[in-house]
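1. sequence first, predicted model second:
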Amino acid sequence: MQENPEKRHRPRKSLGQNFLVSEEISRKIIKAAEIKPSDLVIEIGPGQGALTKWLIETGAEVFALEADSELYNVLNEKFAFASNFQLVNAD
């Protein structure tokens with residue numbers, strides 16, 4: 001069985017990475033933000049996509065910038081289904 005690359009990715013101090021992993025906290029953030037489908041959301045450093053998943057579900061346009069090329073590849077695959085999601089590999 002192949003290991004999930006998302007689960008084995010360790011935060012890189014050089015990139016200042018610190019990942020949000022709690023679904024409960026992610027849902028609370030989305031609820032507090034009151035995001036509407038007509039909104040444009042810019043997510044800087046989506047990391048492993050814990051919040052990104054919920055942003056996409058709001059129906060808003062989600063534009064994300066990820067500096068880590070490994071995470072960029074993981075996110076590209078993970079959210080390939082989402083027509084309201086754009087991801088750029090940039091700092």
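-> Now that the structure is in, tell me what you want to look at.
2. how many neighbouring residues does the closest residue to Phe79 other than its chain neighbours have?
-> Closest residue to Phe79 in three dimensions, ignoring its sequence neighbours and counting by CB to CB, 6 or more residues apart in numbering: Phe85, at 4.9 Å. Any C-beta I mention is one placed from the backbone N, CA and C, and that applies to glycine too. By the measure other CB atoms under 10 Å, the count of residues near Phe85 is 24.
3. can you check the one 3 residues further on too?
-> Using other CB under 10 Å, Val88 has 10 other residues around it.
4. show me what contacts the closest residue to it other than its chain neighbours?
-> Spatial nearest neighbour of Val88, chain neighbours left out: Leu65 (5.3 Å); criterion: CB to CB, 6+ apart. Applying CB atoms under 8 Å, 6 or more residues apart in numbering, we find Leu65 in contact with 42-46, 87-88, 90-91.
5. is it possible to export these to CSV including secondary structure, pLDDT and distance to Leu55?
-> As requested, the contacts of Leu65 are exported to CSV (DSSP: H, G, I helix; E, B strand; the rest coil; pLDDT from 0 to 100; distance: CB to CB, whole Å):
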residue, secondary structure, pLDDT, distance to Leu55
Ile42, strand, 98, 10
Glu43, strand, 96, 6
Ile44, strand, 94, 12
Gly45, coil, 92, 13
Pro46, coil, 94, 9
Leu87, strand, 98, 12
Val88, strand, 98, 15
Ala90, coil, 91, 18
Asp91, coil, 82, 20
